[in-house]
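In: With the sequence up front, the predicted model follows.
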Amino acid sequence: MSQLLNDPAACSLLTRRSFLRSATATLAAAPILTEAHFALAAAREAGVPEFTMQGIYLDANENPLGPCEHARKAIADIIPNGGRYAPPLYFDLMKLYAEQMGVPVDYVMVYDGSSPPLHYSVLAFTSATRSLVCANPTYEAAQRAAEINRATIHAVPLAKDHSHDVEAMLKADNNPGVIYICNPNNPTGTITSKEQIDYAVAKKHGDTIILVDEAYIHLSDATSAIDHVKAGKDVVILRTFSKIYGMAGIRCGFAIGRPELLKKLLDYGQSPMPITGMIAAQASLIDLQLVPTRKKLIADTRNNTFAWLKQNDYSFIPSQSNCFMIDVKRPGVQIRQLMAQDGVHIGRSWSVWPTYVRITVGLPSEMDAFKTSFKKAMDTPATAFNEDLRARRNRDGLFA
């Protein structure tokens, strides 16, 4: 048994009482939605085939590289112990992560991805009288949690450079519960400067929480807001192993903040972590070359795609992440459906930008297939698409 089981700071957020309270609260709080849920819902709405192990999927911001070799070996080695809950793994992982982030161990809490602490943070700090302020467009999960909480949602358009318009967000409500900043933003992959986040922290009202979602930060040159956590500010940071670490299907993530803030999240849930996720995360953190190597590989593939888009005069938003937005100048669902016929599945549109589609950066070979299918779809006139759609629906008996 790890020595950390005797560490009061490490154990303070993981008591038997908190687990029992969390399990009950989770059942009543409504489901947690992840990127996978939104991608699947959008695919069904668009009428494109659902996920199979065949085809090219550029629709859910996944990392096709998967976990690193060290993580794969760690998973394989721990499988014989899959019948154990293995509490020491929690504390060993939390200790390592806290050391790397430069915060005390009770400033971090491990979850199965960053979606649970995102959901719980909004539930904990918004209410019918304390709103959520977010960008538009941005990752939708915070808004879904606010809806569950019957909180008012102020969705503020992005600035002209597609960063968060922090000044406008602060003006949207003088006393919100949460200001949510996804940096880099999903779906645009664009950066909000550290100076803008500093401004939000300095100018926000009273006990408003600045919730900074750094799920994609390793892919970018953005500066983390971790200094505000170290300074004891009303800031909670979210991190995940789903993106650059390639563990979306294995699950691990963190919330980082003052202990009294993290304890409020425990009222809504803290499910047992899969031991494969914990040991893979630990192995990934130890591999110090993983992040820079993958950051360059994904950036090279992304920038190669951008060069091709420019060469073909397609309109897109430059990104520092593993996703970006293209304006297809027609309802985005049309391009999604046409490309799905080629087995290339791209991402959804946002209601505020119905002619934009989100593209996940895949492997170089996958992006080559994307280029071929995308050009073919874009060269298809909208009228031809509509005629083809009507013919297929008639064939399937969807039209009388």
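Out: Yep, that arrived.

In: Spit out the contact partners of Lys375.
Out: Contacts for Lys375 (C-beta atoms under 8 Å, 6 or more residues apart in numbering) come out as Asn312. Quick note: C-beta positions are derived from backbone N, CA and C, even for glycine.

In: repeat that with 10 Å
Out: With contact set as C-beta atoms under 10 Å, 6 or more residues apart in numbering, Lys375 has these partners: 308, 312, 314.

In: Show me where the stretch 51-200 of the chain has its strands.
Out: 56-58, 108-111, 132-136, 153-157, 178-182 (DSSP state E, counting those that start in this stretch).

In: Oops, could you answer that again for the stretch 201-350 of the chain instead?
Out: Using DSSP E, counting those that start in this stretch, strands in the stretch 201-350 of the chain cover 209-213, 235-240, 253-256, 315-317, 323-327, 344-346.

In: domains of the protein?
Out: Following automatic domain parsing, one gets these domains for the chain: 13-30+66-286, 36-64+290-394.

In: how about those domains in a markdown table, adding mean pLDDT?
Out: Below are those laid out as a markdown table (pLDDT from 0 to 100):
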| stretch | mean pLDDT |
| --- | --- |
| domain 13-30+66-286 | 93 |
| domain 36-64+290-394 | 91 |
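
In: Let me know which of the ones you listed is tucked in deepest.
Out: Stretch with highest mean neighbour count among the domains of the chain: domain 13-30+66-286 (a mean of 20; mean count of other C-beta atoms under 10 Å).

In: For it, what is the distance to the chain centroid?
Out: In terms of C-alpha atoms, centre = their mean, to the nearest Å, the centre of domain 13-30+66-286 is found 9 Å from the chain centre.

In: Quickly note the distance from the residue nearest to Phe38 when sequence neighbours are not counted to Phe254.
Out: Distances taken as C-beta to C-beta, 6 or more residues apart in numbering place Glu140 nearest to Phe38, at 6.0 Å, with adjacent residues excluded. As judged by C-beta to C-beta, to the nearest Å, Glu140 and Phe254 stand 21 Å apart.

In: Over to Leu290?
Out: Taken as C-beta to C-beta, the span from Leu290 to Phe254 is 16 Å.

In: repeat for Pro157
Out: 30 Å.

In: just His119 next, same as before
Out: Distance from His119 to Phe254, by C-beta to C-beta: 14 Å.

In: And for Lys264?
Out: With distances taken as C-beta to C-beta, Lys264 is found 16 Å from Phe254.

In: Over to Arg239?
Out: As defined by C-beta to C-beta, Arg239 lies at a distance of 5 Å from Phe254.

In: same check, this time on Gly269
Out: 15 Å.

In: With Leu170 instead?
Out: Per C-beta to C-beta, Leu170 is found 27 Å from Phe254.

In: can you give me the helices in the stretch 251-400 of the chain?
Out: 259-266, 275-286, 290-311, 332-340, 364-378, 382-395 (DSSP state H, counting those that start in this stretch).

In: Just list the residues touching Pro157, thanks.
Out: Neighbour list for Pro157: 135-137, 164-165, 168, 352 [criterion: C-beta under 10 Å, 6+ apart].

In: Identify the bridge partners of it.
Out: Applying DSSP bridges to Pro157 yields these beta-bridge partners: Asn136.

In: again with Arg358
Out: Applying DSSP bridges to Arg358 gives these bridge partners: Met325.

In: doesn't Phe324 make contact with it?
Out: Yes. Between Arg358 and Phe324 a contact is recorded at 7.3 Å, counting by C-beta atoms under 10 Å.

In: shared neighbours of the two, anything?
Out: Listed as contacting both Arg358 and Phe324 by C-beta under 10 Å, 6+ apart are 187-189, 317, 347.

In: Kindly export stretch 300-319 (C-alpha atoms) in PDB.
Out: The C-alpha trace of stretch 300-319 is given here as PDB (Å, rounded to 0.1, in the frame of the first residue of the first chain):
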ATOM      1  CA  ASP A 300       3.100  19.600 -39.500                       C
ATOM      2  CA  THR A 301       0.100  17.700 -40.700                       C
ATOM      3  CA  ARG A 302      -2.200  20.500 -39.900                       C
ATOM      4  CA  ASN A 303      -0.100  23.100 -41.600                       C
ATOM      5  CA  ASN A 304       0.300  20.900 -44.700                       C
ATOM      6  CA  THR A 305      -3.500  20.800 -44.900                       C
ATOM      7  CA  PHE A 306      -3.700  24.600 -44.400                       C
ATOM      8  CA  ALA A 307      -1.300  25.100 -47.300                       C
ATOM      9  CA  TRP A 308      -3.500  22.900 -49.500                       C
ATOM     10  CA  LEU A 309      -6.600  24.800 -48.400                       C
ATOM     11  CA  LYS A 310      -5.000  28.100 -49.300                       C
ATOM     12  CA  GLN A 311      -3.800  26.800 -52.600                       C
ATOM     13  CA  ASN A 312      -7.400  25.800 -53.500                       C
ATOM     14  CA  ASP A 313      -8.900  29.100 -52.200                       C
ATOM     15  CA  TYR A 314     -11.000  27.500 -49.400                       C
ATOM     16  CA  SER A 315     -11.900  29.700 -46.500                       C
ATOM     17  CA  PHE A 316     -10.700  28.400 -43.100                       C
ATOM     18  CA  ILE A 317      -9.800  29.700 -39.600                       C
ATOM     19  CA  PRO A 318      -6.100  29.100 -38.800                       C
ATOM     20  CA  SER A 319      -5.700  26.900 -35.700                       C
END
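
In: Quick one: distance of it to the chain centre.
Out: 22 Å.

In: again, but for stretch 364-378
Out: Mean-position distance between stretch 364-378 and its chain equals 25 Å (C-alpha atoms, centre = their mean).

In: cool, stretch 347-359 as well?
Out: Mean-position distance between stretch 347-359 and its chain equals 16 Å (C-alpha atoms, centre = their mean).
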